[in-house]
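> Predicted model and sequence follow; I will ask about them next.
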Amino acid sequence: MSKKIVLSNNKSKLSLACSAEIIASNIDLLTGILLRVPAKSLIRCKSVSKQWVSLISDARFCRNHTQQNPSPPISGLYFYSICGRITRVSFHDHPRTTLPNFSFLDGSGSGSGRTVLHSSNGLMLCTIEFYDFVVCNLTTQKFVVLPKLAAVSKSYFRLQYYLIYDPKKSPYYKVVVIRFTYDLDTSQFDVYSSKSGSWKSTVATHRIPNAWLGYGAVWNGKIIWMNCWPGQECCSEHDHFYFEFDLDAERPTTAGVQSPAGYHIKEILYFGECGGRLLLIQNSYWYNTTEFCRVLEMIDGESNYRWTVKYRIDLKHLPLPPRSAYGYSVVSVTNVGANENDLALVLYAGGKFI
Amino acid sequence: MASSIENNNEKLTLKSSDGEEFLVEKHVALQSTLLQNMLDSDCSSADVIPLPKIDARTLALVLGYCKKHADASSSKQGELNSFDSEFLKDMDMGALFNLVLAANFMEIKGLLDIAAQKIADTIKDKPHQEVREIFHVENDYTPEEEAAVREENRWAFEGFP
């Protein structure tokens, strides 16, 4: 390239070389440009030069980049398949849209007992060697081992783990470990905050109804568990209880919520957050189950929750294989496209993603 | 201080690095914080303001942007957005770099933002070797170091040379 410039020795080429060099050596201008480059491209730009790698790896630059691009388009999904292996599915069908893997964790510990527990906006919470918690960023292939959590008392069981990270609200993340006693009268919440760098415990005595916490989701600064025991009975015939943990106040509460109106639920396919909404997907016991399900959205009225039916989905028109062979499961619901109302349902049926 | 804004028909003369003079309406010039500050201080509009770092071709582009944004400041944002994207559409890297430098020097934030975004959009799908050439950055890695950085981030390079 430099040779070409000398040969074509004309004024505009020279001034291009000159202005490019001025910009590349002006940290403010270069930073201003690189903050607008998507993360994956920036990772490649680390190979440009030593100055670039130190600029791009700089903690303040990373924070600014996250702040300026708080909700990049979703690149893919990671989940455990039936055989217990992590499966990666890119949302784009192109060789340049590959997703990172976990091999960077191989050097830490023996590699045995590494499990992904939860994830949130690009960060993943894993355990290695049982009680070591690791938060990793797949994009940068970096990870942090959290300080050890005090040993679990034997009277507690049923551990649940959550990682909460929302760059739109805070550059810091939280990890929540929840343990319950056998009689479910007492629960202990251990919260790690990356801001303080330490764990904090809260013990709560709350009778948790129905002794079963089925579905958990992070929504609106809270972890919410939903308790529904669907069977042949209509949802309006049994109670729905919600147990929630406020992440700022670090305080648990319970709430009863009106059951979605008369509907015979066979199973709950999905309970989770998507683009700021809490969604519940159910399919019906009475209707032809693989052909019909409905999506409900939680309306937040401050301690006064209510579900509304958003969509009814007719699965008849999906290219599903013959239903006698197997069921299907909802893997995820994500936002697609620019319109925040565009939701995509990711289904897994017979080895295919839809 | 207010007098510079009150009289919209006043004009001032800007002089590019290659000696070309541009007669500019004052409200257009006020898109530039640098010029605004100069006018707010005792700088007389009768003077020719030299811009020794900006060539005539770039200055003409900058003033085209300023005029559109000054005249349309009360009109719809959508119209300005489509003007902005059309304005940068076929611009080559050299012109974009010159625009960034001019907008930075003249303190025209909107122009700096869109030109930086355009550069970012252009380099995002390019291999790092090409980005290096575009910015005329000298490769100070040894081949081993470069291979190590690449290996560390192998996932991001799939499909790239």
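Done, it's in.

> where exactly do the helices run in chain A?
Here chain A has its helices, by DSSP state H, at A:2-7, A:11-25, A:27-34, A:39-45, A:50-57, A:59-68.

> Please save the CA atoms from the fourth one in PDB.
The one in question is helix A:39-45. Extracted in PDB, the C-alpha atoms of helix A:39-45 (Å, rounded to 0.1, in the frame of the first residue of the first chain):
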ATOM      1  CA  ALA A  39     -18.000  -5.800  19.100                       C
ATOM      2  CA  LYS A  40     -17.100  -8.700  16.900                       C
ATOM      3  CA  SER A  41     -15.300  -6.500  14.300                       C
ATOM      4  CA  LEU A  42     -13.500  -4.700  17.200                       C
ATOM      5  CA  ILE A  43     -12.200  -8.100  18.400                       C
ATOM      6  CA  ARG A  44     -10.600  -8.500  14.900                       C
ATOM      7  CA  CYS A  45      -9.300  -5.000  15.000                       C
END
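
> What is the least confident helix or strand in chain A?
The helix or strand of chain A with the poorest confidence is helix A:2-7; it has a mean of 36 (mean pLDDT, DSSP states H and E).

> For the helix or strand where B:L61 lies, give me every contacting residue.
Using DSSP states H and E, B:L61 falls within helix B:56-71. The contact list for helix B:56-71, computed with C-beta atoms under 8 Å, 6 or more residues apart in numbering or on different chains, reads B:14, B:16-20, B:22, B:24-25, B:27-32, B:51, B:54, B:80, B:83, B:87, B:95, B:98-99, B:101-103, B:106, B:108, B:110-111. Glycine gets a C-beta too; all of them are placed from N, C-alpha and C.

> Just give me how far the helix or strand that that helix is followed by sits from the chain centre.
Counting by DSSP H and E, the next helix or strand C-terminal to helix B:56-71 is helix B:77-88. Between the centre of helix B:77-88 and the centre of its chain there are 15 Å (C-alpha atoms, centre = their mean, to the nearest Å).

> Spell out the residue ranges of the strands in chain B.
Assigned by DSSP state E, chain B shows strands spanning B:11-15, B:21-25, B:48-50.

> Tabulate these (TSV), appending mean neighbour count.
Conversion of these to TSV gives the following (neighbours: other C-beta atoms under 10 Å in any protein chain shown):
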stretch	mean neighbour count
strand B:11-15	17
strand B:21-25	17
strand B:48-50	14
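
> between those strands, which one is nearest to A:K168?
With respect to A:K168, and counting by C-beta to C-beta, the nearest of these is strand B:21-25 at 41.0 Å.

> Who are the packing partners of the closest one?
Where contact means 3 or more C-beta pairs under 8 Å, 6 or more residues apart in numbering or on different chains; DSSP states H and E, strand B:21-25 is packed against strand B:11-15, helix B:56-71.

> Pull the residues that contact the first one.
The contact list for strand B:11-15, computed with C-beta under 8 Å, 6+ apart, reads B:21-26, B:29, B:35, B:39, B:45, B:47-51, B:59, B:63.

> can you list the weak-confidence ranges in the stretch 101-250 of chain A?
Within the stretch 101-250 of chain A, the stretches with pLDDT under 70 are A:106-113, A:129-131, A:151-158, A:183-184, A:206-214, A:227-241.

> The closest residue to B:D125 other than its chain neighbours: how many residues sit nearby?
Nearest non-adjacent residue to B:D125, counting by C-beta to C-beta, 6 or more residues apart in numbering or on different chains: A:S41, 7.1 Å away. Residues lying near A:S41 (other C-beta atoms under 10 Å in any protein chain shown) number 17.

> Over to A:V218?
Count around A:V218 with other C-beta under 10 Å applied: 22.

> so what's it up against?
A:V218 touches A:S120, A:Y162, A:I164, A:I224, A:E273, counting by C-beta under 8 Å, 6+ apart.

> Look up the pLDDT of the residue lying closest to A:P100 once chain neighbours are set aside for me, please.
Spatial nearest neighbour of A:P100, chain neighbours left out: B:W155 (3.9 Å); criterion: C-beta to C-beta, 6+ apart. On pLDDT, B:W155 comes in at 84.

> B:W155 contacts A:F104, doesn't it?
No - if you go by C-beta atoms under 8 Å, B:W155 and A:F104 don't touch, sitting 9.4 Å apart.

> Tell me the residues that contact both of the two, please.
Residues touching both B:W155 and A:F104 by C-beta under 8 Å, 6+ apart: A:Q141.

> Could I have the buried ones of the contacts of helix B:56-71 as PyMOL selection syntax?
Per 16 or more other C-beta atoms under 10 Å in any protein chain shown, the buried members of the contacts of helix B:56-71 correspond to this PyMOL selection:
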select buried, chain B and resi 14+16+22+24+25+27+28+29+30+31+32+51+54+80+87+95+98+99+101+102+103+106+108+111
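
> Sitting in helices, which of the contacts of helix B:56-71 do you find?
Using DSSP H, these in helices are B:27-29, B:80, B:83, B:87, B:95, B:98-99, B:101-103, B:106, B:110-111.

> Tell me how many other residues crowd the nearest residue to B:E138 once chain neighbours are set aside.
Nearest non-adjacent residue to B:E138, counting by C-beta to C-beta, 6+ apart: A:S49, 6.8 Å away. Number of residues near A:S49 (other C-beta under 10 Å) recorded here: 21.

> so what pLDDT did B:D47 get?
Reported pLDDT for B:D47: 74.

> Against chain A, how distant is the closest residue to B:Q31 other than its chain neighbours?
Nearest residue to B:Q31 in three dimensions, chain neighbours excluded: B:C66, at 3.9 Å (C-beta to C-beta, 6+ apart). Going from B:C66 to chain A by C-beta to the nearest C-beta, to the nearest Å gives 20 Å.

> Which secondary structure element of chain B has the lowest mean pLDDT?
Going by mean pLDDT, DSSP H and E, chain B bottoms out at helix B:3-6, a mean of 45.

> Figure out how far the helix holding B:L61 is from the centre of its chain.
10 Å.

> tell me the angle that helix makes with strand B:11-15.
Angle, helix B:56-71 to strand B:11-15, by axes from the mean of the first three to the mean of the last three C-alpha atoms, to 10 degrees: 150 degrees.

> Now do helix B:56-71, average pLDDT.
Across helix B:56-71, pLDDT averages out at 92.

> Measure how it sits relative to helix B:77-88, angle-wise.
Going by the same axes, to 10 degrees, helix B:56-71 is angled at 170 degrees with respect to helix B:77-88.

> For B:G64, the count of nearby residues, please.
Burial of B:G64 is recorded as 13 neighbouring residues (other C-beta under 10 Å).

> And the closest residue to A:L278 other than its chain neighbours, how close does it get to A:W219?
Leaving aside its chain neighbours, A:L278 sits nearest to A:M298 (3.9 Å; criterion: C-beta to C-beta, 6+ apart). Separation of A:M298 from A:W219 (C-beta to C-beta, to the nearest Å): 7 Å.

> These two: who's more crowded?
Taking other C-beta under 10 Å, A:M298 and A:W219 do not tie; A:M298 has more neighbours (22 against 18).

> Which pLDDT does the model give the more buried one?
At A:M298, the model reports a pLDDT of 74.

> That one contacts A:G276, correct?
No - at 10.8 Å, A:M298 does not count as touching A:G276 under the criterion of C-beta under 8 Å.

> Show me what counts as buried in stretch B:115-129.
Of the residues in stretch B:115-129, B:A115, B:A116, B:Q117, B:K118, B:I119, B:A120, B:T122, B:I123, B:K124, B:K126, B:H128 count as buried by neighbour count, 16+ other C-beta under 10 Å.

> Widest-spaced pair of the residues you listed?
Greatest spatial distance among the buried residues of stretch B:115-129 (C-beta to C-beta): B:A115 and B:H128, at 21.7 Å.
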